[in-house]
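A.B. asks: A structural model of the following input is requested.
(one chain, ligands or ions: 1)
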Amino acid sequence: MDLSAIVADIAAEMADAPDRGRPADYIPPLAAVDPNRFGMAVIEADGTCHLAGDAEESFSIQSVSKVFALTLALGAVGDQLWKRVGREPSGSAFNSIVQLESEHGIPRNPFINAGAIVVADILLGRYEPREALGELLRFVRAAAGEDGIFIDENVAKAEQDTGFRNLALASYMRAFGNLHHDPHVTLGVYFHQCALAMSCRQLALAGRYLAAGGVNPTTGRNVVSAQRARRINALMLTCGHYDGSGEFAFRVGLPGKSGVGGGILAIAPGIASIAVWSPGLNERGNSQLGTVALERLVQRTGWSVFEPR
Ligand code: GLN
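C.D. replies: Take a look at the predicted model:
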């Protein structure tokens, strides 16, 4: 199997794809992104890297950052975190508020907005706001082995200016006692984490610890325990695409986390860390062509976790 050829073929197929979905338009910096962009990076367990299309171009990773924030928060407070966040798929939109009422302010999982806002609040139990963001940046840079990763202040500001629904989620959880800081302060951290800018190559590099049983393959050091890596992968598979998580498991069959910037991080445990980016989204807010590209990759490689080894 010539993986470089497979990745190049998929990128070429995506370049001509007629149905590209619609880029997010709730903030100007995302609405301004060229919908014809497509990038893909596959990094194998031995470090071999296969890039295609716009794999080196930075984009707003948005909710993909929820994976890194969760990893950091679990490192800070351990499994205590699960007292404040659930582990069940929501079956609802990423920014849904409805389940918070019947579930007493406990979000269904850490990968919907409400859950990620609590995770940010948990980080604030350990760090000052600036420090929390510094830690997150340090974590992602160390995981990727790249210092060039940054937070796009423009995007963070635009999120802040329009984030009324997130403010509602945060305030509502605060009313239940499941937010321990001023909602504006917690959201300041959350919006900045969403504004992390990375390329597909950097994102795939940063995800390697999840493909490698918790170990950063470059340093040989544990980022998280093997058990924790396995559990994060399980949550990505069941909750990483909101109300499209079942569909993503059905079509791709890999743990994956999407963001409204059009990026997806997907993990083939023991095999590869994969990042795709195409700004057009499907009706569930997940990258339209990113999903198609991953579907084709697993069809051609047999990497789905449901495929016999
Ligand atoms: N910044 C976005 C929001 O909070 C992130 C959502 C996403 O990527 N799905 O609405």
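A.B. asks: what's the domain layout of the protein?
C.D. replies: For the chain, the structural domains run 3-60+199-301, 63-194, going by automatic domain parsing.
A.B. asks: would you turn those domains into TSV with distance to E307?
C.D. replies: In short, each C-beta sits where N, CA and C put it, glycine included. Converted to TSV, these look like this (distance: least, Cβ to Cβ, whole Å):
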stretch	distance to E307
domain 3-60+199-301	7
domain 63-194	22
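A.B. asks: Make JSON lines from those and add distance to the ligand and mean pLDDT to it.
C.D. replies: Output for these, formatted as JSON lines (distance: least, Cβ to the nearest ligand atom, whole Å; pLDDT from 0 to 100):
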{"stretch": "domain 3-60+199-301", "distance to the ligand": "4", "mean pLDDT": "97"}
{"stretch": "domain 63-194", "distance to the ligand": "3", "mean pLDDT": "97"}
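A.B. asks: Using TSV, lay out those together with mean neighbour count and distance to R309.
C.D. replies: TSV is the format used below for these (neighbours: other Cβ atoms under 10 Å; distance: least, Cβ to Cβ, whole Å):
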stretch	mean neighbour count	distance to R309
domain 3-60+199-301	21	9
domain 63-194	19	24
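A.B. asks: Not counting sequence-adjacent ones, nearest residue to the residue nearest to the spatial centre of the chain?
C.D. replies: Central residue of the chain (Cα atoms, centre = their mean): V64, 1.5 Å from the mean position. Excluding its sequence neighbours, the residue lying closest to V64 (Cβ to Cβ, 6 or more residues apart in numbering) is G259, at 4.3 Å.
A.B. asks: can you pull the contacts of the one you found?
C.D. replies: Applying Cβ atoms under 8 Å, 6 or more residues apart in numbering, we find G259 in contact with S60, I61, Q62, S63, V64, S65, C194.
A.B. asks: Out of the residues you listed, which is nearest to E247?
C.D. replies: S63 (16.6 Å; Cβ to Cβ).
A.B. asks: At which residues are the strands of the chain located?
C.D. replies: 39-44, 49-53, 59-60, 150-151, 196-198, 215-216, 221-222, 256-258, 263-268, 272-277 (DSSP state E).
A.B. asks: packing partners for the fourth one?
C.D. replies: Based on contacts counted as 3 or more Cβ pairs under 8 Å, 6 or more residues apart in numbering; DSSP states H and E, the elements that strand 150-151 packs against are helix 129-144, strand 196-198.
A.B. asks: May I see the ones you listed organised as CSV, with distance to T48 added?
C.D. replies: Output for the helices and strands packed on strand 150-151, formatted as CSV (distance: least, Cβ to Cβ, whole Å):
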stretch, distance to T48
helix 129-144, 16
strand 196-198, 20
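A.B. asks: Spit out the contact partners of the spatially closest residue to S4 that is not a sequence neighbour.
C.D. replies: Of all residues not flanking S4 in the chain, H50 sits nearest, at 4.8 Å (Cβ to Cβ, 6+ apart). With contacts defined as Cβ under 8 Å, 6+ apart, the neighbours of H50 are L3, S4, V7, A41, V42, I43, E44.
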